[in-house]
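In: Structure for this input, please:
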Amino acid sequence: MLALNWNIIWTFVNILVLFAFLKKFLFKPVTEMMDKRSQAIRDTLQDAEETKSEAIKLKDEYEKELGRAESEAARIMNEAKEKAASEYNKQMKEAREEAAGIMQEAGRTIELERQKSMEEAQSEIAGIAVLAASKIIGKNLDDNTNKQLLGDFLKEVGAAK
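Out: Numbers count the residues shown, from 1 in each chain. All right, here's what the predicted structure looks like:
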């Protein structure tokens, strides 16, 4: 018939007590520790995602700022080139004007020197003519008469040209 074996019951009771004991003192703390560790991992992953998204935002902002800086640099370079070209043109214009002024002044100086040379040559020719005329006439006239004769001679020579 059915005989009860107390060893089996005691073994079963011992297993239940051991299970309860392990559940209370081993499984529960280990489960709590694993839950905490899982939560810490989830928090770390979430923080990493947030940091990554912040980094992407900062990268985009830096790229936009870099683009603005490059366009600003290009604008500044263009302005500098325009200013340099303008300054070059201005200095070249001033140099041309100065050269033209120097050339005009040189032309005036040459003309004055030519006129002075002509006057000196006329004066020398007049002196020679007066000397020749006085030798021909045989007498030396006074200075006023010499000047008048010289003026008449120069007018005739100038009209003959």
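In: how about the helices in the protein?
Out: 6-22, 28-137, 143-160 (DSSP state H).
In: Now do residue 125: how many residues are near it, please.
Out: Look at residue 125: counted by other C-beta atoms under 10 Å, it has 14 neighbours. Using the backbone N, CA and C atoms, a C-beta is placed for each residue, glycine as well.
In: ah, wrong one, I meant residue 147
Out: 13.
In: quick thing: my sequence starts at 13, can you match it?
Out: Sure, I'll start counting at 13 from here, so that last one is residue 159.
In: Tell me how far it lies from residue 79.
Out: Per C-beta to C-beta, to the nearest Å, residue 159 is found 90 Å from residue 79.
In: still on that earlier bit, least reliable of the helices of the chain by average pLDDT, please.
Out: Note on the helices of the chain: lowest mean pLDDT is at helix 155-172, with a mean of 69.
In: List the buried residues of stretch 87-97.
Out: Buried residues in stretch 87-97, counted by 16 or more other C-beta atoms under 10 Å: none are found.
In: contact partners of it?
Out: With C-beta atoms under 8 Å, 6 or more residues apart in numbering as the contact definition, stretch 87-97 has no outside contacts at all.
In: got the CA positions of it in PDB?
Out: The C-alpha trace of stretch 87-97 is given here as PDB (Å, rounded to 0.1, in the frame of the first residue of the first chain):
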ATOM      1  CA  ARG A  87      34.600  89.100 -47.900                       C
ATOM      2  CA  ILE A  88      37.500  90.800 -46.000                       C
ATOM      3  CA  MET A  89      40.000  89.500 -48.600                       C
ATOM      4  CA  ASN A  90      37.800  90.900 -51.400                       C
ATOM      5  CA  GLU A  91      37.600  94.200 -49.700                       C
ATOM      6  CA  ALA A  92      41.300  94.300 -49.200                       C
ATOM      7  CA  LYS A  93      41.900  93.500 -52.800                       C
ATOM      8  CA  GLU A  94      39.500  96.200 -53.900                       C
ATOM      9  CA  LYS A  95      41.200  98.700 -51.600                       C
ATOM     10  CA  ALA A  96      44.600  97.700 -52.800                       C
ATOM     11  CA  ALA A  97      43.500  98.000 -56.400                       C
END
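In: tell me how far that stretch is from the chain's mean position?
Out: 6 Å (C-alpha atoms, centre = their mean, to the nearest Å).
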